[in-house]
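**Q** what's the 3D shape of this:
(one chain, ligands or ions: 1)
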Amino acid sequence: MRRLCLILALGLLATACRAGSTEPVTAVQRPVATTTTIPVTTTTEPPTTTTTLPPTPTTVPEQPSADPPPPPPDRSIPAAMMGALVIAEGGADLFFDRTADPYVRAHEGLVFPVIERDDEWLQVLDQCNDPGWVLFDEVAFSAARRDDSRVGAGMEFSDAVVVVDPGHGGPNVGAVGPAGLVEKVVNLDIARRLRDLLRRPHTVDWESGEIFNGSAIPAAGQVWMTRQEGPEGADIETGLTFRTTLSDSLNAHALVSIHNNAAPDGPFEGPGSEVYYKVADLESKRLSGLVVEELRQEFSAFEAAWVGADDAGAKVRVGTDGVDLYGILRQSDAPSVIVEGVYISNESEEALLGTAEFRQAYADAVYRALVRFVTTDEDGSGFVDTEPFTGGLSSGRPAGTCSVPAQPEATP
Ligand SMILES: [Zn+2]
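**A** Numbers count the residues shown, from 1 in each chain. All right, here's what the predicted structure looks like:
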């Protein structure tokens, strides 16, 4: 009963696990946290010498954490050719041609995959899918490509390398709800909440799904975001090839793309969550089943006039040639999934997505799925068969107007 108040086991203390919200909700009943007061009884027993503190439930933050500030330049570049870097404070010049002028002074805090190295030069792929060169004394080289290791029972979560991909960004806004909620904004907020969960240790009550501040599950080894701070709060255009190259250059254990859906088939008896996996990758399939299972459990605690597709669940989207149609899945080497949590195009589900509580619930579910994916051999559930897709899909290529966010001129 994770939505209800958690009564702590000492019998002396009760606390509400979720703060109530005051914003109006249209046609949606969200679970309400109630505060239970248990009278404190006096006892004549002597105090015990050891005290076991109950786990502290996490609270729903109104906003996820801001992106971290850029680290200082690190001149001890690792020997590895590939990995990822972060633009250091003050920005860094990017060059198409190392003998010509830079094409942009890239904004501090931006993340780039490193695809090549030539002495003190690093070649990166930029957000518009163009290769550019940067001098390494202007960047913080943050991570080399990890060694090979496979996920599953026996693996430590502290070794996991996870890439979180907030869908859309910049002029590519994604779907827009009837009340005007924009998918790219919601996706980024959920992705940041997921990143915050992955970067800290927790304890999970696997019966209820509740996530506590605790130490049973360590922080993931590395967590990267494909849209990280630049100007305007990481609302930047980012090509699909950039996203998958970042994941591949780190040799990530998992790439999770966060989206919300549009164009359902009709009313649905529960949450119509969909998760797409790579057709030829059993680990991607396993991850999709775990995400579907956790999302259904999590979202079922909310009430809405749900909608869905007839084939909702964990599935592939392939063309008549049997090849993955979604570029994120087709191009990436890592076990990858595209998560379509709920329908932002449905007024009732859009209202849910407007709340911090529901966005946190979405992130909580994907977090638990990732912990299970990395540290167990479980398969999840909700797999459905699909027909080859013959409709049109957007290309995912950045628009002709795409540009790398530039560092503002320093004001004297
Ligand atoms: Zn989307």
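
**Q** that's a strand at A100, yeah?
**A** No: if the criterion is DSSP: H, G, I helix; E, B strand; the rest coil, then A100 is coil and not within a strand.

**Q** isn't V279 up against L325?
**A** No: contact criterion Cβ atoms under 8 Å: V279 and L325 do not qualify, at 9.6 Å. Placement of C-beta: from N, CA and C, glycine included.

**Q** okay, and the common contacts of these two?
**A** Each of V318 lies in contact with both V279 and L325 under the rule Cβ atoms under 8 Å, 6 or more residues apart in numbering.

**Q** can you list the buried residues in stretch 346-357?
**A** For stretch 346-357, a neighbour-count test (16 or more other Cβ atoms under 10 Å) marks 346-357 as buried.

**Q** gap between the two ends of that stretch?
**A** Chord length of stretch 346-357, first to last residue, is 18 Å (Cα to Cα, to the nearest Å).

**Q** what about that stretch, distance to the chain center?
**A** Here stretch 346-357 shows a centroid-to-chain-centroid distance of 18 Å under the convention Cα atoms, centre = their mean, to the nearest Å.

**Q** please see if that stretch touches the ion.
**A** No: remark: stretch 346-357 sits outside contact range of the ion, by Cβ under 5 Å from the ion, the gap being at least 12.3 Å.

**Q** what of stretch 330-344?
**A** No: under the criterion of Cβ under 5 Å from the ion, stretch 330-344 makes no contact with the ion; the nearest approach is 7.1 Å.

**Q** so for that stretch, mean pLDDT?
**A** Averaged across stretch 330-344, pLDDT comes to 97.

**Q** then stretch 273-289?
**A** The average pLDDT for stretch 273-289 rounds to 98.

**Q** in this structure, which helix or strand is least confident?
**A** Using mean pLDDT, DSSP states H and E, strand 14-15 stands out as the lowest-scoring helix or strand of the chain, at a mean of 32.

**Q** partner strands of the very next helix or strand once past it, with direction?
**A** Counting by DSSP states H and E, the element after strand 14-15 in chain order, helix or strand, is strand 56-57. Using DSSP bridges, strand 56-57 pairs in its sheet with strand 211-213 (antiparallel).

**Q** where's the partner strand relative to the chain centroid, distance-wise?
**A** 18 Å.

**Q** now swap in stretch 275-289 and tell me
**A** From the chain centre to the centre of stretch 275-289 is a distance of 17 Å (Cα atoms, centre = their mean).

**Q** ok, and for it, which residues are buried?
**A** So, applying 16+ other Cβ under 10 Å, buried residues of stretch 275-289: 275-279, 281, 283-289.

**Q** can you check stretch 123-137 too?
**A** Those would be 123-130, 132-136, for stretch 123-137 by 16+ other Cβ under 10 Å.

**Q** in the sheet, who's paired with whichever residue of the stretch 301-412 of the chain sits closest to the ion?
**A** Nearest residue of the stretch 301-412 of the chain to the ion, counting by Cβ to the ion: E340, 7.1 Å away. With DSSP bridges as the criterion, E340 is bridged to H259, E274.

**Q** kindly report the residues of the stretch 151-300 of the chain close to the ion.
**A** Going by Cβ under 5 Å from the ion, the residues of the stretch 151-300 of the chain near the ion are 167, 174, 259.

**Q** can I get the residues you listed in CSV including neighbour count and distance to S142?
**A** Below are those laid out as CSV (neighbours: other Cβ atoms under 10 Å; distance: Cβ to Cβ, whole Å):
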residue, neighbour count, distance to S142
G167, 27, 23
G174, 20, 28
H259, 25, 26
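
**Q** so where's the protein shaky on pLDDT?
**A** The chain contains residues with pLDDT under 70 at 1-54, 74-81, 144, 230-232, 411-412.

**Q** and E350, what element?
**A** Secondary structure (DSSP H and E) places E350 in helix 347-353.

**Q** helix or strand right after that helix?
**A** Past helix 347-353, the next helix or strand by DSSP H and E is helix 356-375.

**Q** for that following helix, name the packing helices and strands.
**A** On a contact count with 3 or more Cβ pairs under 8 Å, 6 or more residues apart in numbering; DSSP states H and E, helix 356-375 meets helix 183-198, strand 202-204, strand 211-213, strand 254-261, helix 282-299, strand 336-343.

**Q** what's the domain layout of this protein?
**A** According to automatic domain parsing, the chain comprises the domains 83-144, 157-375.

**Q** pick the most deeply packed of those domains.
**A** domain 157-375 (a mean of 21; mean count of other Cβ atoms under 10 Å).

**Q** and it, end to end?
**A** Distance across domain 157-375, first residue to last, is 6 Å (Cα to Cα).

**Q** contact partners of stretch 385-393?
**A** Here stretch 385-393 makes contact (Cβ under 8 Å, 6+ apart) with 311, 315-320, 322, 325-326.

**Q** gap between the two ends of that stretch?
**A** 20 Å.

**Q** so what's the residue of the stretch 251-400 of the chain found nearest the ion up against?
**A** Going by Cβ to the ion, the ion is nearest to H259 of the stretch 251-400 of the chain, at 3.5 Å. By Cβ under 8 Å, 6+ apart, the contact set of H259 is 167-168, 174, 183, 187, 338-341.

**Q** against I328, how distant is it?
**A** Relative to I328, H259 is positioned 10 Å away (Cβ to Cβ, to the nearest Å).

**Q** anything in contact with each of the two?
**A** Counting by Cβ under 8 Å, 6+ apart, the common neighbours of H259 and I328 are I338.

**Q** picking that back up, would you format the contacts of H259 as TSV with distance to T375 included?
**A** Below are the contacts of H259 laid out as TSV (distance: Cβ to Cβ, whole Å):
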residue	distance to T375
G167	26
H168	31
G174	32
E183	31
N187	26
I338	23
V339	20
E340	25
G341	23
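
**Q** correct me, but A234 touches A66?
**A** No: using Cβ under 8 Å as the test, A234 is too far from A66 to be in contact (9.6 Å).
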